[in-house]
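Novice: Sequence plus the predicted model coming up.
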Amino acid sequence: MKLKANKGDPFDALGNSHRREIVELLAHRPRSVQEIADRLPISRPAVSRHLSVLNRAGLVSDEHVGARRMYRLEEQGAEAARRYLEHVWGNVGVRFKLFAENTTAPRRRS
Amino acid sequence: MIEPLRISFVVRCSPDHAFDTWTGRASSWWPPEHTVSHERGASIVFEPRPGGRIFERTPAGTEIEWGQIVDWDRPRRLRYLWHIATDPKHATDVEIVFREMPDASTRVEIEHGGWDRLGEIGQSWRDANHAGWDGVLPSYKEDAELRS
């Protein structure tokens, strides 16, 4: 199970702690850039840049509500979470296999 | 309904050994970045009975619960509730079948389900994030241009 670091790949987008925090904030409800910036130790322009990476990866979308632009988590977020867990299990499986096979004599086809 | 994750692979050893390695020697192979404490030398314990706890014990002796054994059918089948790094009420279901192959190797079939119990999407997101993002993707380094 390999992970590719494509541009726009959700895993790539989530390989950054600030972006993960943004995703967590948006999991509660849609928010504006300013609302996100208020809760993170980073600047408003930095939040905008992170949002654009998350947007390219299909994780968040934006819409105008009155004069404000609000960001929300995309539906396929659950799917991305699932893919993440697939990666975790793949990683677990590989290590388990290596260890199990190297702590006993491999059996040969008779 | 959110489909369970299904992963399977073959290990060149007996089901006995595969089962014992999974449950009894996780400290040796479990990816250290997937522990809660991220501490070196943490041990991982599967108490070998239904109702038994699955937990991590840090070198300082702190025990952090990861789940609970539901079914302990050595060497064929193992089922447990899994709530590593999240609230036990958001536990998901892990079932691992160790299937003996004709060539005496073992097919390990993992099914991880129960996602619907998490409710809204945001919940599964958070759980996934809490499951160990920080250490799990070391290749995904901070993107210099986006660093604030």
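Specialist: Thanks, I have the structure now.

Novice: Now do the closest residue to residue B:92 other than its chain neighbours against chain A, distance only.
Specialist: Leaving aside its sequence neighbours, residue B:92 sits nearest to residue B:114 (CB to CB, 6 or more residues apart in numbering or on different chains; 4.2 Å). Any C-beta I mention is one placed from the backbone N, CA and C, and that applies to glycine too. Note on residue B:114: its distance to chain A, by CB to the nearest CB, to the nearest Å, is 12 Å.

Novice: For burial, what's the neighbour tally of residue B:114?
Specialist: 16 (other CB atoms under 10 Å in any protein chain shown).

Novice: Could you do residue A:37 as well?
Specialist: 18.

Novice: Helix or strand for it, just tell me which one.
Specialist: Using DSSP states H and E, residue A:37 falls within helix A:33-39.

Novice: Now do the buried residues in that helix.
Specialist: A:33, A:35-37 (16 or more other CB atoms under 10 Å in any protein chain shown).

Novice: can that helix be found next to chain B?
Specialist: No. Shown here: helix A:33-39 not in contact with chain B (CB under 8 Å from any CB of the partner chain), separated by at least 10.0 Å.

Novice: Contacts only, for the residue nearest to residue B:92.
Specialist: The neighbours of residue B:114, taking CB atoms under 8 Å, 6 or more residues apart in numbering or on different chains as the test, are B:4, B:91-93.

Novice: With residue B:96 instead?
Specialist: B:22, B:77-79, B:108-111.

Novice: Check residue B:53 too.
Specialist: Per CB under 8 Å, 6+ apart, neighbours of residue B:53: B:45, B:47, B:65, B:67-69.
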